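A.B. asks: model the following, please.
(one chain, ligands or ions: 2)
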Amino acid sequence: MKFSDYHISPLIKQQLEVMGFNKPTDIQFKSIKHILEGEDVMAVAQTGTGKTAAFAIPIIDKLENRNRKGYKGVRCIVMVPTRELAKQISGVFNEIGKRTSVKTFGLYGGVEQEQQIRTLNNGLDVIVTTPGRMFDLISQGHLDISKLEFLVLDEADLMLDLGFMKDIQDVLKHIPKKRQTLFFSATISKKIKSLAYEVVSNAIRIQVSPKNPVAKNIDHAVAFVDMDDKRFFLENILKEYEDKKFIVFARTKVRVERVHAAMERVGVKAEILHGGIEQKDRFAILDRFRSDANNVLITTDVAARGIDIPTMDYVINYDLPDDAENYVHRCGRTGRGNKRGQALSFCSEAEKELLEAIEAYTGEEIEQYTITKDEYLDILNDSDDGSNNWKKLLDQSNKEDGTEDEW
Ligand code: ADP
Ligand code: MG
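C.D. replies: Ligands and ions are numbered 1, 2, ... in the order given. Alright, predicted model coming up:
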């Protein structure tokens, strides 16, 4: 089936054609019809499979066709975990709905409120929000959601993990009982399942490839590297593949800063993104990364959740994630749409348990990248980091004495 065969507004179809969307992806094929029919949906599908358009297309169509009956408030709220995602997803709504009258706005904190109030007063249909600012504006009387028709939770599982549960319940207090509720994520936990059934009437559960949550078009490898040596391996890869686009994950903000400092010391250009960075800088950092002005982004799980940059070549797990589900989300920053991507993880001795947990969760063994002792020492030796001196090498070879040749 093609989009041209759908019973949706021709204004949407024309725009999808311009965007190069001819055929729906699996999850779009399975969700759009149910959403058009007015059903509640809980959809789980792998990263990069077009979940955004799976809810945006039918919502825009319904909003375009439905009479407002004098109601001036917002008709759809999409709740997301980060401001970056709010910006990205409101962009997708505005692009798909470009020829329609449906207007979407990313509403989040960290920016001036006055301009947002003016935009709200001009009339909006959809807001994509990290809900803090939205509640401020509701309580100040600038935002009416009393006749809301759609509530969407994207990255639904993370929304709960981040403690958005109370926000979700607060939103529920302000909106009609009769509405459509939609949940989308690449991973689903028991927690989100029970929440979903708490807030929806009869959710249709749609799951694409339930057994393996990892996107199919990503090649995975793991290299066993000592914790203290990881930076030399990262330096080595980043210097070897200078023209490629990398997203590098570390476990915490502090680790992100440290990895960045280590790369700066050896002359590798990179930028960082995490929740501790000022909002205006965060958007600029992501824009530079999107536009190839910067090709290496070192970041955390939350900061990069859901981010769609189709040209991403490599995901590096500098640290393995504590939570196996995050492995899926991290690797999912590459291999988007029908592009292939590669994910490489650095695993230290202490992280082997995490690796096992990831393999148990995904149900697949990750290919081990074998580094011979000589290669390993060469990589340390090639580093431009002055602290990697003869003593370190000596320690290294002593440590290796009597062990097998491969790590
Ligand atoms: P997900 O939320 O599932 O991780 P996104 O909604 O971010 O995925 O979409 C991933 C990429 O696929 C985006 O770059 C988007 O433009 C593209 N895409 C989505 N649907 C289609 C389609 N039907 N045809 C072609 N490309 C698509
Ligand atoms: Mg998404």
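A.B. asks: find the helix or strand that V248 is a member of.
C.D. replies: Under the criterion of DSSP states H and E, V248 resides in strand 246-249.
A.B. asks: just the CA trace of the helix or strand that that strand is followed by, in CSV.
C.D. replies: With elements assigned by DSSP H and E, the helix or strand that comes after strand 246-249 is helix 253-265. Extracted in CSV, the C-alpha atoms of helix 253-265 (Å, rounded to 0.1, in the frame of the first residue of the first chain):
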residue,chain,number,x,y,z
LYS,A,253,27.6,14.0,32.5
VAL,A,254,30.9,13.9,34.3
ARG,A,255,32.1,11.1,32.2
VAL,A,256,31.0,13.0,29.1
GLU,A,257,33.1,16.0,30.1
ARG,A,258,36.1,13.8,30.8
VAL,A,259,36.0,12.0,27.5
HIS,A,260,35.7,15.3,25.8
ALA,A,261,38.7,16.7,27.7
ALA,A,262,40.7,13.6,26.7
MET,A,263,39.8,14.1,23.0
GLU,A,264,40.7,17.8,23.2
ARG,A,265,44.1,16.9,24.6
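A.B. asks: and whatever helix or strand comes next after helix 253-265, which strands flank it?
C.D. replies: Downstream of helix 253-265, the next assigned helix or strand under DSSP H and E is strand 271-273. Take DSSP bridges as the rule and strand 271-273 pairs in its sheet with strand 296-299 (parallel).
A.B. asks: contact partners of the strand holding V248?
C.D. replies: For strand 246-249, contacts defined as CB atoms under 8 Å, 6 or more residues apart in numbering pick out 234, 237-238, 259, 270, 295-301, 304, 309, 312-319, 321, 330, 333-334. Glycine gets a C-beta too; all of them are placed from N, C-alpha and C.
A.B. asks: ok, now stretch 234-243?
C.D. replies: With CB under 8 Å, 6+ apart, stretch 234-243 has contacts from 246, 248, 259, 262-263, 266, 268, 270, 295-296, 313-314, 316, 318, 344, 346, 379, 382-385.
A.B. asks: and the residue nearest to V256 when sequence neighbours are not counted, what is it in contact with?
C.D. replies: Nearest-residue entry for V256: A250, 4.7 Å, with adjacent residues in sequence omitted and distances by CB to CB, 6 or more residues apart in numbering. Contact partners of A250, counting by CB under 8 Å, 6+ apart, are V256, R258, V259, I298, T299, T300, Y318, D319.
A.B. asks: do you know how far A250 is from V126?
C.D. replies: 34 Å (CB to CB, to the nearest Å).
A.B. asks: helix, strand or coil for the residue positioned nearest the centre of the chain?
C.D. replies: For the chain, the residue nearest the mean C-alpha position is G306 (1.5 Å; CA atoms, centre = their mean). When classified by DSSP: H, G, I helix; E, B strand; the rest coil, G306 comes out as coil.
A.B. asks: find the nearest non-adjacent residue to it, please.
C.D. replies: L85 is the one closest to G306 (CB to CB, 6+ apart), at 4.7 Å.
A.B. asks: quick one: contacts for that neighbour?
C.D. replies: V128, T130, D154, E155, R305, G306, I307.
A.B. asks: who wins for most neighbours among these?
C.D. replies: Among these, the one with the most neighbours (other CB atoms under 10 Å) is V128, at 29 neighbours.
A.B. asks: next up, phi/psi of that one, please.
C.D. replies: phi -110, psi 120 (degrees, to the nearest 10).
A.B. asks: just checking, it touches L107?
C.D. replies: Yes - taking contacts as CB atoms under 8 Å, V128 lies within contact range of L107: 7.1 Å.
A.B. asks: list the contacts for V171?
C.D. replies: Here V171 is in contact with I77, M79, P131, I145, L151 (CB under 8 Å, 6+ apart).
A.B. asks: which SSE is immediately downstream of the helix or strand harbouring it?
C.D. replies: Following DSSP H and E, one finds V171 within helix 165-174. Later in the chain than helix 165-174, the nearest helix or strand by DSSP H and E is strand 180-185.
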